[in-house]
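J.: Take this sequence and fold it.
(one chain, ligands or ions: 1)
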Amino acid sequence: MISLNTALIILVFLFFIKSMVGVATTENPLEQAESDPLVIEGKFTPKTLARYNGIDNPRIFIAVKKRVFDVTQGATFYGPGGPYENFAGRDASRGLALNSFELSCLTSIDEPIDTLTGLTKEELESLDSWEQHFDNKYKVVGTLHENNADSSEVVPPPQPQSKKDA
Ligand code: HEM
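T.: Purely as a prediction, here's the structure:
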């Protein structure tokens, strides 16, 4: 029969090992995004970004002014059930500018990227401050591009050299 103390030490040890393994597997978000066959060199589209919503993929990315931030460490904000979960895997720019996390501030992932038209100077300034907040707190893992750039996600086979180049 093991003593309570020994059991506690074993528990703490197991917890420590679990956290170490967790760190080892999630430490480099950029590497993870780059190893995703649908994301080439950190180039996301609204559709590929949507995969990083904390549900389909444990990592959470959001786009602010076409820059993609890894906000996984803010999972309490953006993870499932969090107050800003609507932003997970999405372009949050308009919502941040308007200080609203309503779904109506998000552009469908099938549509072209929001050009932020109609926002006032103050709203755009508010967005800039949010961008600064994200810059100070989170790592940039890529940039947001139109869905019709999807085809560039599949690396094209090398083209035969034309006679002119030879
Ligand atoms: C009922 C009103 C709200 C309350 C009480 C509230 C409260 C908070 C608190 C306490 C924080 C954490 C600050 C920190 O420790 O850094 C926070 C962060 C934040 N809030 Fe709100 N908030 C509210 C509304 C909103 C709305 C409407 C938005 C929509 C844009 C929003 C977006 C954010 C974002 C993006 C963060 C930063 C999270 C991060 O650092 O990743 N909040 N809010």
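J.: confidence score at M1?
T.: For M1, the model assigns a pLDDT of 51.
J.: isn't K139 right up against D70?
T.: Yes - assessed by Cβ atoms under 8 Å, K139 is found in contact with D70 at 5.1 Å. Just so you know, the C-beta spots here come from the backbone N, C-alpha and C atoms, and that holds for glycine as well.
J.: The two - which one has more neighbours?
T.: Remark: of K139 and D70, D70 carries more neighbours, 23 against 15, as counted by other Cβ atoms under 10 Å.
J.: just for the protein, where's the confidence low?
T.: Within the chain, the segments meeting pLDDT under 70 span 1-41, 149-166.
J.: need the helices for it, in chain order.
T.: Under the criterion DSSP state H, the chain contains helices at 4-26, 29-35, 46-49, 75-78, 93-98, 121-137.
J.: buried sites along the third one?
T.: By neighbour count on 16 or more other Cβ atoms under 10 Å, the buried set for helix 46-49 is 46, 48-49.
J.: Redo those residues as CSV? Include distance to the ligand.
T.: Converted to CSV, the buried residues of helix 46-49 look like this (distance: Cβ to the nearest ligand atom, whole Å):
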residue, distance to the ligand
P46, 19
T48, 21
L49, 16
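J.: for F69, what are its contacts?
T.: Residues in contact with F69 (Cβ atoms under 8 Å, 6 or more residues apart in numbering) are 61-63, 134, 138-141.
J.: Recalculate using a threshold of 10 Å.
T.: Going by Cβ atoms under 10 Å, 6 or more residues apart in numbering, F69 touches 29, 60-63, 92, 131, 133-135, 137-142.
J.: And for it, nearest residue in space, chain neighbours not counted?
T.: Nearest residue to F69, sequence neighbours excluded (Cβ to Cβ, 6 or more residues apart in numbering): Y138, at 4.3 Å.
J.: what does A50 give?
T.: G89 (4.4 Å).
J.: separation between the closest residue to S126 other than its chain neighbours and T72?
T.: Nearest residue to S126, sequence neighbours excluded (Cβ to Cβ, 6+ apart): A97, at 5.6 Å. In this view, A97 and T72 are 23 Å apart by Cβ to Cβ, to the nearest Å.
J.: returning to that earlier point: I figured the residue nearest to A50 hits P58, correct?
T.: No - G89 lies out of contact with P58 (Cβ atoms under 10 Å); the separation is 11.8 Å.
J.: Overlap of the contact sets of these two?
T.: With Cβ under 10 Å, 6+ apart, G89 and P58 have common neighbours Y52.
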